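1. Sequence first, then the predicted structure, then my questions.
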Amino acid sequence: MPRRTQVSPRGTVLPAQIVSSFFLVETKGADGKPCRFLIDTGSSATLVSPDVARRFALKQKKNAPPAKARVRSANGGEIELEAVTLRRITLGDTIFHGVPALVYDFTDFSGQLGVPIDGILGFPLFRETLLTLDYPGQRLVLAPTPIAPGAAKPALRAASLAFNNERNTPLIPVQMGAESFIVLIDSGSDGSLSLNPAGLHPRFSHGPRMGTLISSLTGDRQQLTGRLAQDVLLGTHTIGQPIVDLTDQLSSIGGELLRHFSVSFDQRHNLVTFVRESDGAVTMEPRRNPGLSFARSPVYWRVLSVIPDTPAAELPVQAGDLCVRINGERVEKWTFDRYAALVKSATKITYTFLRGASELDLEVPVFELVP
């Protein structure tokens, strides 16, 4: 956590950008240059790009070896990163002084999202603030922590839950049928409910089946996905038969579910509040997919995986192939949101792949991976 936090009494409100259910905010550094950060409540550390570290890190003692720290990723692996201390991070009128951070290259992640990412702001950074991720309103709100829990006027359609913060990340209980289990509130994931079925008895209306390749800091893994036949209760909020991704790690809820709420974290009192704009259960649309997952760059998209037992698996395309056009347009024209909208609505997509010096057009049906 930072050495000192200055929170304006009137609070801070910053516009947010929701890209693939990731919660992004942009601010200016002390040098006047913009920085774009991802807010990650599932991370116990703050990570910054080498450029941000160069601009804002405190100088180390002469001839001192770089400090290192090991970080565990979502798939359980570990990597070693350089540790630095940033002079400050400024979000509107809120200033965080002496911020411990790790240095990480976000080039690949930025390419995937189609927007430059300069860092990930972890949960401990906001220890001395009331942090609100307002997904429907697309805004970040920072305010002084209330002296007493629930001091503010309770909102309609709100559910407050105590969370466990022993790991410097928020863990809450949720209910699935007659069973309860613990989940991590992970705004750094764009998934829905990532479920570890160990010790539980989930029932599925569809699947689980092989899904797309999931990327993390330490590598990629194939995903099993399906739709539960049971509802999940988040406090008083009902998630109607959600789509889940199976995991052998800690269960978590990501941006695909969180984006239905304005979520406020009070770390002084270990209390999180979920507010909805409407009544009724949260429902999740079918998950549509062409059977292909890609690693993106401005020049081409590289096929990461072809989902088995899908129409794409019957076509002459395989992992490692390079796609240069989608429906006749260069891939650089296809932002993350534009491509997601295409997959959501199209019945088929034409991908143009490189084959040596020539190009090959393949028409790929889009189907419901999970109805």
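-> Sure thing, it's come through.
2. Now that we're looking at the residue lying closest to residue 307 once chain neighbours are set aside, what pLDDT does it have?
-> Once its chain neighbours are removed from consideration, residue 307 has its nearest residue in residue 291; the separation is 4.5 Å (CB to CB, 6 or more residues apart in numbering). (C-beta placed from N, C-alpha, C; glycine too.) For residue 291, the pLDDT comes out at 95.
3. how close does residue 291 get to residue 365?
-> Using CB to CB, to the nearest Å, residue 291 is found at 8 Å from residue 365.
4. next one: residue 307
-> Where residue 365 is concerned, residue 307 sits at a distance of 12 Å (CB to CB).
5. wait, residue 189 sits on residue 251?
-> No - at 11.4 Å, residue 189 does not count as touching residue 251 under the criterion of CB atoms under 8 Å.
6. ok, the two, which is more surrounded?
-> When neighbours are counted by other CB atoms under 10 Å, residue 189 comes out ahead of the other of residue 189 and residue 251, with 25 against 22.
7. Ramachandran angles for that one?
-> In this entry, residue 189 is assigned phi and psi values of phi -110, psi 140 (degrees, to the nearest 10).
8. Tell me the predicted confidence for the residue lying closest to it once chain neighbours are set aside.
-> Nearest residue to residue 189, sequence neighbours excluded (CB to CB, 6+ apart): residue 254, at 3.2 Å. In this prediction, residue 254 carries a pLDDT score of 95.
9. and what of the one 4 residues further on?
-> For residue 258, the pLDDT comes out at 97.
10. before we move on, what about residue 70?
-> At residue 70, the pLDDT value in this model is 77.
11. Which helix or strand lies directly C-terminal to the helix or strand of the chain with the lowest mean pLDDT?
-> Within the chain, confidence by mean pLDDT, DSSP states H and E is lowest for strand 67-72 among all helices and strands, at a mean of 76. Past strand 67-72, heading to the C-terminal end, the next element that is a helix or strand (DSSP states H and E) is strand 78-91.
12. Count the residues that sit near residue 201.
-> When neighbours are counted by other CB under 10 Å, residue 201 registers 10.
13. again, but for residue 199
-> Around residue 199 sit 7 other residues, with neighbours defined as other CB under 10 Å.
14. what about it, helix or strand, and which?
-> In the assignment (DSSP H and E), residue 199 maps to no helix and no strand.
15. Beta-bridge partners for the closest residue in space to it that isn't next to it in sequence, please?
-> Across the structure, with CB to CB, 6+ apart as the measure, the residue nearest residue 199 apart from its sequence neighbours is residue 181 (7.8 Å). Beta-bridge pairing of residue 181, defined through DSSP bridges, involves residue 174.
16. show me the contacts for residue 181.
-> For residue 181, the contacting residues are 173-174, 196, 199-200, 251, taking CB atoms under 8 Å, 6 or more residues apart in numbering as the criterion.
17. from the residues you listed, which single one is nearest residue 44?
-> Within the set of the contacts of residue 181, residue 251 lies nearest residue 44; the separation is 17.0 Å, counting by CB to CB.
18. you'd agree the closest one is up against residue 185?
-> No - with the criterion set as CB under 8 Å, residue 251 and residue 185 do not qualify as a contacting pair; they are 10.9 Å apart.
19. tell me the domain boundaries of the protein?
-> According to the domain assignment given by automatic domain parsing, the chain is divided into the following structural domains: 4-144, 159-283, 287-370.
20. Next, the distance between the ends of the shortest one.
-> Read that as domain 287-370. With CA to CA, to the nearest Å as the measure, the first residue of domain 287-370 is 5 Å from its last.
21. and residue 7, what does it touch?
-> By CB under 8 Å, 6+ apart, residue 7 lies in contact with 94, 128-129, 142-145.
22. any idea how far residue 48 lies from residue 25?
-> Using CB to CB, we find residue 48 at a distance of 14 Å from residue 25.
23. no no, residue 262
-> Counting by CB to CB, the separation of residue 262 from residue 25 is 15 Å.
24. Over to residue 55?
-> Taken as CB to CB, the spacing of residue 55 relative to residue 25 amounts to 18 Å.
25. and if you look at residue 349?
-> Residue 349 sits at a distance of 32 Å from residue 25 (criterion: CB to CB).
26. Cheers, nothing more for now.
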